[in-house]
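1. only geometry, no sequence info:
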């Protein structure tokens, strides 16, 4: 009994900006029509992880003057932003307050499940535990539930539309229903870049702008794929680095150095195998090893450097990752991806290998993706299932441009002769000389 819509826009096409625009218009309408329940006075944004929360900060910095007439801009001064990046971050919402935007990792506010030990029960088998589950609503969720006229935005919504929903994903939908139970939701807006499940589009999709369209329209880079028999040896690393350096080198894009991301399956694999091979090859190429950045859970000291990769200040070009830099990572100066690993997760292959497709500059720079034959096959299958396209189709895509001739006519000045007439009234001075003989007037 509320609108549930899916907007399927490929990466780099502005899902975050779309969210910000929708919120802005709703808030302005709700401000001028406070009794109309069609318009949202508050917004909750669900993000699947903290990496995406970082990219969702664009909602706060979005320049709403681009979409609002000047007389409505002051409404946006009422908006309060709450980014729940850390479990300890407090959420201070005044009950009944309006114009709040809450952005959170879904893990931090979904309905929690607490296990309660059963008393007086005996397990039939030694390794079996009898569990009773109880929904425990945390304080944050209670606080959000107190907000009226709430619109829920679900980023990367394909998670909750998967074919095999685990408990965590079901909880997101359960939490939305819980929020709706207190005060009716204005609506749920789902945003995703992958609207297909087993090559069938999600039924709630109201708008679709796909991967192929993104490349054709120049929103994404054109892409080349390179296939290898073995990606876990020195020959692969050397070939990738030499190819990258020859193709991109240190030629800056919007003032930023071009970058390549290497994805490994384990931290030990990076430290014992990948990094030594990369540094050995770079020394042969006479390229500084200071350009290497390693980032994973045991290298959190590199987080700040990782976050500033897409800036002119960053001098890093070779990024080594484990469990980082996949879904939601927005680094437009990333021009290449290499998978130094076996395909354990199909969705990981899709998310990691396509990170380098976001456009930059005049978008004349092509992206390069380096894969094993196994990963190449997995990626092709994932593209079919999630985007209804293939590697061959993407490689054949070119930016489609249409030339138009615009003729601008010079404005002509016209001289208009205007005739001005002045009307004057003359008043008699002797009023008594004016006589009216009513006997001569007709009786009617």
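-> Good, I have the coordinates. Not measured: the values here are computed from a predicted model.

2. Only C-alpha atoms from now on, for both contacts and neighbour counts.
-> OK.

3. show me the contacts for the residue lying closest to residue 60 once chain neighbours are set aside.
-> Among residues not flanking residue 60 along the chain, residue 81 sits closest, at 7.0 Å (C-alpha to C-alpha, 6 or more residues apart in numbering). Counting by C-alpha atoms under 8 Å, 6 or more residues apart in numbering, residue 81 touches 60, 100, 101, 102, 103.

4. Surely residue 81 is in a helix?
-> No: using DSSP: H, G, I helix; E, B strand; the rest coil, the secondary structure at residue 81 is strand, not a helix.

5. re earlier: in helices only, show me the contacts of residue 81.
-> residue 60 (DSSP state H).

6. which helices and strands does the strand or helix carrying residue 244 pack with?
-> Assigned by DSSP states H and E, residue 244 belongs to helix 234-247. The elements that helix 234-247 packs onto, with contact taken as 3 or more C-alpha pairs under 8 Å, 6 or more residues apart in numbering; DSSP states H and E, are helix 275-284.

7. Residues in contact with the helix or strand that comes right after the helix it packs on: which ones?
-> Following helix 275-284 in sequence order, the next helix or strand is strand 292-295 (DSSP H and E). When contacts are defined by C-alpha under 8 Å, 6+ apart, strand 292-295 is touched by residues 302, 303, 306, 316, 317, 318, 319, 320, 321, 322, 324.

8. any idea how far the residue nearest to residue 60 lies from residue 336?
-> Per C-alpha to C-alpha, to the nearest Å, residue 81 is found 35 Å from residue 336.

9. Of the contacts of strand 292-295, which is the most crowded?
-> Of all the contacts of strand 292-295, the highest neighbour tally under other C-alpha atoms under 10 Å goes to residue 320, namely 25 neighbours.

10. Could you spell out the sheet neighbours of the helix or strand containing residue 337, each with its direction?
-> Per DSSP H and E, residue 337 falls inside strand 334-340. Here strand 334-340 is paired, per DSSP bridges, with strand 259-264 (parallel), strand 367-372 (parallel).

11. Can you name the element that comes right after it?
-> Downstream of strand 334-340, the first helix or strand assigned by DSSP H and E is helix 346-353.

12. what sits up against that next one?
-> Against helix 346-353 from outside (C-alpha under 8 Å, 6+ apart): 263, 325-327, 337-339, 343, 369, 375, 378-379, 382-383.

13. so which one among the residues you listed has the lowest pLDDT?
-> Scanning the contacts of helix 346-353 for pLDDT, the low point is residue 327. It has 75.

14. would you list every one of the helices in the protein?
-> Going by DSSP H, the chain shows helices at 15-32, 50-55, 58-61, 139-145, 167-182, 211-216, 234-247, 267-269, 275-284, 303-307, 346-353, 373-387, 391-395.

15. Contact partners for the closest residue to residue 196 other than its chain neighbours?
-> Using C-alpha to C-alpha, 6+ apart and skipping residues adjacent in sequence, the residue nearest residue 196 is residue 386, 4.5 Å away. If you count contacts by C-alpha under 8 Å, 6+ apart, residue 386 has them with 194, 195, 196, 197, 198, 199.

16. State the pLDDT value of the residue nearest to the first one when sequence neighbours are not counted.
-> The spatial neighbour of residue 194 that comes closest, neighbours along the chain excluded (C-alpha to C-alpha, 6+ apart), is residue 386 at 5.1 Å. At residue 386 the predicted local distance difference test score is 79.

17. Distance-wise, check residue 217 relative to residue 61.
-> 26 Å.

18. Between the two, which is the more surrounded one?
-> residue 217 (14 against 10).

19. returning to that earlier point: out of the strands paired with strand 334-340, flag the one nearest residue 278.
-> strand 259-264 (10.0 Å; C-alpha to C-alpha).

20. tilt between that closest one and helix 275-284?
-> 150 degrees (axes from the mean of the first three to the mean of the last three C-alpha atoms, to 10 degrees).

21. Kindly calculate the angle that strand 259-264 makes with helix 234-247.
-> For strand 259-264 against helix 234-247, the angle by the same axes, to 10 degrees is 170 degrees.

22. Give me the distance from strand 259-264 to the chain's centre.
-> The chain centroid and the centroid of strand 259-264 are separated by 22 Å under C-alpha atoms, centre = their mean, to the nearest Å.

23. What are the contacting residues of that strand?
-> 244, 270, 274, 316-322, 333-341, 352.

24. Now the terminal residues of stretch 8-20, how far apart.
-> 16 Å.

25. same question for it, mean pLDDT?
-> Mean predicted lDDT for stretch 8-20 stands at 89.

26. picking up where we left off before, from the contacts of residue 386, which is closest to residue 176?
-> residue 195 (20.2 Å).

27. Surely that closest one touches residue 11?
-> No: using C-alpha atoms under 8 Å, residue 195 is not in contact with residue 11, being 12.0 Å away.

28. neighbour-wise, which of the two wins?
-> residue 195 (31 against 25).

29. Give me the neighbour count for residue 5.
-> 17.
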